[in-house]
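> Okay, sequence plus prediction incoming.
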Amino acid sequence: MSGNPCAVIGVGQTRYTTRRREVSIAGLVREAALRALEDADLTWKDIDAVVIGKAPDLFEGVMMPEAYLADALGAAGKPVMRVHTAGSVGGSTALVGASLIQGGVHDRVLVVAFEKQSESNATWALSTHLPFNASLVVGAGGYFAPHIREYIRRSGAPAHVGHLVAVKDRRNALRNPYAHLRIPGITVEMVESTPMLWEPIRYLDTCPSSDGACAMVLAAGHRLTGGTPAWVLGAAMRSEPISRADRDTVSPQAGKDCAADVYRQAGVTDPRREIDVAEVYVPFSWYEPMWLENLGFAAEGEGWKLTESGATALDGDIPWNPSGGVLSSNPIGASGMIRFAEAALQVRGMAGEHQVDGARRALGHAYGGGAQFFAMWMVGSDRP
Amino acid sequence: MRQVAVVAFAQTRHSADDEGLSEPEMILPVLDEVRERTGLRRFGFTCSGSCDYLAGAPFSFVSALDALGAWPPISESHVEMDAAWALYEAWVRLQHGDVDSALVYGFGKSSQGDLREIMTLQLDPYYLAPLGLDQVSFAALQAHAAGADRAALDGIVWRSRRDGRANPYALDLPDPEGEEPEVGPLRPYDIAPITDGAAAVVLAAGDLAWELCERPAWISGIAHRIEPHYLGMRDLARSASAADAARAAGVGKGHVDVAELHAQFSHEEIILREALELPDGTAVNPSGGPLAANPVMATGLIRIGEAARRILDGTAGRTVAHAASGPCLQHNLVTVMEGQS
C-alpha cells in the first residue's frame, strides 16, 4: 500500500429504515458522525477534515449538500470535500478520506455517506437520462437484469441460486440491529412467491429503499485513539466507460483490475483462502455469484457453485455480507461505505452477533453506474 | 509534501449560448489538447468536477467518462463540486508517491436551465430553500453588507470585460452601460454571465514535471476551508474561510504577480482581495475572470489554469488561484504556484 499508514478508529451507523421522518438530512448524518466520534473517543475539534459522499443530488433534491451539511458535521473552519461516483460513492468517499491521511495531508478525517430516499423518488431519479438519449430502462433493476440473464446463460446456474443469496443475506440481517429488512423465517419458497420485477429478479431478490447514514473516523498510524484499529492494507478505485464495444458487463474489467490492485497492496494471492470475510455490494441477489467470480474468489462460471455450497454463509469458509448487505439495507449513497465500515468492524472484532470469529482480513467493496465504477479496500487487524 | 506542478492547461472557447454540443462533446477537445501538449495518453489518476443539476439529470459525469475513453480501466474519481476540488483530490492522490501524473477536468452548461433558481437548491432544504431567495438575491445581501463603493464595482466590471475581450477563450462582452439594478445594489453587469464551457489540467510530480514542460507551475501551497451555511452566522462583509485557506496555502510568503479570483459578482473581488491580503501590485483576473466567462463547475479550475499558464509561459514567477463554492463565498480553495528556473 502506498503512503502513510491509515486506520479506521471509529464507526457510526444509523438504523436503516424506509422513512426516518423524525430527523432532517442534517440530523441523520450527524447521528452517524457522533456515533463514529464516540467510538473513536474523539470530539469534533479533533477532526482535521470532512469528506461527504452520496449518490445523485436528485435523490433528495438538494444540490451540493455539503454546503448545507457543513454546520451539522462540525466542519465550519475546516476543509470539506463532496464525492460522487454513483453507487460506489460510499466506498470512494472512504478512499478519499484515507487518501488525505496516506498522502500526509491530515491526521484525522471524518468520512460520512448518506441517503434519505424517503425525501424523494430514487427510481424516478434512476430512470431519467440525459436529454440526448432515450431511457430504455426503469430503475437500476431494469438496467442490471439483462446482465444477470447473460450470467445465467453463460454459467448455466440454476434459477434458485439468486433466491439462496436473498435468503442468506436476510437471515444475516436478523443479527444486525441496524439492518432495514427483517423477515423472520424467510425461505426460498417465500422469495419465489414474490412478484417478478425484472426477469429474473423477483421482489425479494432486490434491495429496499432506505434512509440512513454511515460515518467513519480515519486516523494516521501515529494518532490512534479508541479501541482496536482496522488498518487499511490496500485501497483502489477503477472506472471504465458505460458504453464501449466489447465491454463485459457481466464481469467488468474495472472490477477485476481494482481487486487485483487491492490484493497486490495487501499481499493477498489467493482471496478465497486469505480473506476471512467480505462485505460486497450485492443490490440484486444474483450479483453475489457474479462478483465471486469478478473478485477472484471463484473461477469463471463457478461462482454460483460456491453460493450453492454454503461457502458464503455466516458459518461458511468465506462469509459474504454477514451484516445482511445491500439486500437488507440500501441507503444508496451510504451503501458502499457501510460495506467498508462493516469490514472494519469485523477485523476490530466489533460486529456483534454477526461477527465472523477470528476475522483478521476483510474486504469492503462497492460498485456503481452501469457496473463501471469500483471502489474497494482491504482492512486488517495487524499493522501493515 | 511531494513536489507537484501544473504542466498543461486547456479550456474551451466559452459560449454564452447553448451551441448544441453535449457535455462529452464539449470536453473532448480540451482532453485532446492536454494529451497532445504533454504526450501522455495514460494518467496515474483522473478526477473530474461537475454538477448533475446543470444537466437536470442524475449521473451526468458518467457520459463524460465515455468521452475520456477510459479503457483499459483507469483509477478515477469525481467530485460534485467545481473541478478545482477535483484538482485538490488529484494533488492529494499524488502525495502517496506511487503515481506521478493526474488528469483533471471540469465542465458545465449553465445555458440549459435557470442558473439562479438552480443554485437556490443548494440551500438548506427545510429552512432556506423554501424562502425562494435566488443566488443573485443572496449575493446582493452580501454586496450590501460589504458596502462596496459603486465606482469601485464599476471599475472591476470595466477591467474584467476589457481583459475578457483580449482573452480568446472568454466572452466578448461590451463595456457596461448605466442600467437599473438587478437586485440592489447589484446591476446586471455585476453578475457573471451565463456561460458554457470546460477545462482540463494535467498535474505531474517531481522529475516527470520537468520532462513534460520547460517551466512547470509548482504548487507550493493548496488549502481550502468552509464556513457555516447560514448567512446569519457569518460576517458577510468578510471571507474568514478564504483568509484561513490563504494563510494555510502561504499566499503571504512572497510577492504575488497574478491572482485569479473566482469572483462571480463584482463585490466578491473586493472581499477576496482583502481576505487573501493581495498587495496592490498584483494583477487581478488578467484573463477577465468569471465576470468575462463563468462556465460553472469549471470556473475555479480555470482560475488555477490561468494562474499556472502565466508561470508556464514565463510571464509570472508566483501566482495565486482561488476557487469558491456555496452561497456567498461559503467555501474557498486557494492555490499558490511558483516557477523555478
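The structure has been received and is ready for your questions. Residues are numbered from 1 along each chain as shown, chains lettered A, B, ... in the order given.

> distance of the residue lying closest to residue B:63 once chain neighbours are set aside from residue B:71?
Distance criterion C-beta to C-beta, 6 or more residues apart in numbering or on different chains; nearest residue to residue B:63, sequence neighbours excluded, is residue B:24 at 5.1 Å. Backbone N, C-alpha and C define where each C-beta goes, glycine included. Distance, residue B:24 to residue B:71, using C-beta to C-beta, to the nearest Å: 15 Å.

> more crowded one of these two?
The neighbour comparison of residue B:24 against residue B:71 (other C-beta atoms under 10 Å in any protein chain shown) goes to residue B:24, with 20 against 16.

> Just confirm that one is within a helix.
Yes: going by DSSP: H, G, I helix; E, B strand; the rest coil, the assignment for residue B:24 places it inside a helix.

> Go ahead and confirm it touches residue B:61.
No: Residue B:24 lies out of contact with residue B:61 (C-beta atoms under 8 Å); the separation is 10.1 Å.

> Just checking, which helix or strand of the chain averages the lowest pLDDT?
Defaulting to chain A. When the helices and strands of chain A are scored by mean pLDDT, DSSP states H and E, helix A:122-127 comes last with a mean of 72.

> hm, I was asking about chain B
helix B:60-68 (a mean of 87).

> Run through who's touching the helix or strand that comes right after that one.
Downstream of helix B:60-68, the next assigned helix or strand under DSSP states H and E is strand B:76-79. With contacts defined as C-beta atoms under 8 Å, 6 or more residues apart in numbering or on different chains, strand B:76-79 is touched by A:81-85, A:92, A:95-96, A:237-239, A:373, B:45-50, B:61, B:65, B:70, B:85-86, B:89.

> same deal with stretch B:233-252?
Here stretch B:233-252 has contacts from A:71, A:76-77, B:141-142, B:145-147, B:220-228, B:271-272, B:274-278, B:320, B:322, B:324, B:328-336, using C-beta under 8 Å, 6+ apart.

> now do stretch B:204-218
B:2-8, B:38-40, B:94, B:99-102, B:202, B:307-309, B:311-314, B:319, B:337-341.

> buried subset of the contacts of stretch B:233-252?
Using 16 or more other C-beta atoms under 10 Å in any protein chain shown as the burial test, the contacts of stretch B:233-252 include A:71, A:76, B:141-142, B:145-146, B:220-228, B:271-272, B:275-276, B:278, B:320, B:322, B:324, B:328-336 as buried.

> any idea where the strands of the chain begin and end?
Just so you know, I chose chain A. Applying DSSP state E to chain A gives strands spanning A:6-13, A:49-53, A:80-83, A:108-116, A:196-198, A:201-202, A:211-220, A:230-239, A:277-279, A:361-368, A:373-380.

> other chain: chain B
So, for chain B - with DSSP E - the strands run B:4-11, B:45-49, B:76-79, B:101-109, B:196-205, B:217-226, B:258-260, B:283-284, B:318-325, B:331-338.

> Extract the C-alpha set from the last one and format it as CSV.
Right, strand B:331-338. The C-alpha coordinates for strand B:331-338 follow below in CSV (Å, rounded to 0.1, in the frame of the first residue of the first chain):
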residue,chain,number,x,y,z
HIS,B,331,-16.3,27.6,0.8
ASN,B,332,-12.9,28.7,-0.6
LEU,B,333,-9.9,27.0,-2.0
VAL,B,334,-6.6,28.8,-2.5
THR,B,335,-3.6,27.6,-4.6
VAL,B,336,-0.2,29.1,-4.8
MET,B,337,2.1,28.3,-7.7
GLU,B,338,5.7,29.2,-8.4
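
> near chain A, anything from that strand?
Yes: using C-beta under 8 Å from any C-beta of the partner chain, strand B:331-338 reaches chain A at residue B:331.

> quick check: angle from that strand to strand B:318-325?
Per axes from the mean of the first three to the mean of the last three C-alpha atoms, to 10 degrees, the angle that strand B:331-338 makes with strand B:318-325 is 160 degrees.

> and residue B:144, what does it touch?
Here residue B:144 is in contact with B:184-185 (C-beta under 8 Å, 6+ apart).

> swap the cut-off to 6 Å and go again
residue B:185 (C-beta atoms under 6 Å, 6 or more residues apart in numbering or on different chains).

> now stretch A:93-103: how far from the chain's centre is it?
The chain centroid and the centroid of stretch A:93-103 are separated by 16 Å under C-alpha atoms, centre = their mean, to the nearest Å.

> what ranges of the stretch 1-150 of chain B fall below the confidence cut-off?
Nowhere does the stretch 1-150 of chain B drop to pLDDT under 70.

> Tell me, how many residues neighbour residue B:135?
Counted with other C-beta under 10 Å, residues neighbouring residue B:135 total 21.

> Next one: it relative to chain A, how far apart?
Residue B:135 sits 11 Å away from chain A, going by C-beta to the nearest C-beta, to the nearest Å.

> For that residue, which non-adjacent residue is closest in space?
residue B:119 (3.8 Å).

> ok, now residue B:97?
Using C-beta to C-beta, 6+ apart, the nearest residue to residue B:97 is residue A:2, at 5.8 Å.

> Next up, the contacts around the one you found.
B:96-98.

> and the least confident helix or strand of chain A, is it in reach of chain B?
Yes: where contact is defined by C-beta under 6 Å from any C-beta of the partner chain, part of helix A:122-127 touches chain B, namely residue A:125.

> one step back: selecting buried members of the contacts of residue A:2 in PyMOL, what would you type?
In PyMOL, this line selects whichever of these come out buried by 16+ other C-beta under 10 Å:
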select buried, chain B and resi 96
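
> Now for whatever residue of the stretch 251-384 of chain A ends up closest to chain B, how many residues are close by?
Per C-beta to the nearest C-beta, residue A:254 is where the stretch 251-384 of chain A lies closest to chain B, at 3.6 Å. Neighbours of residue A:254 under the rule other C-beta under 10 Å: 27.

> thought it was touching residue A:241?
No: the criterion here is C-beta atoms under 6 Å, and residue A:254 misses it with residue A:241 at 9.5 Å.

> What separation do you get for the closest residue to residue A:255 other than its chain neighbours and residue A:187?
Leaving aside its sequence neighbours, residue A:255 sits nearest to residue A:294 (C-beta to C-beta, 6+ apart; 4.5 Å). In this view, residue A:294 and residue A:187 are 28 Å apart by C-beta to C-beta.

> if I pick the residue of the stretch 251-384 of chain A closest to chain B, what's in contact with it?
So residue A:254 contacts A:238-240, A:374, B:73 (C-beta under 6 Å, 6+ apart).

> separation between it and residue B:47?
Remark: distance between residue A:254 and residue B:47 (C-beta to C-beta) = 16 Å.

> for residue A:36, same thing?
From residue A:36 over to residue B:47 (counting by C-beta to C-beta), the distance is 25 Å.
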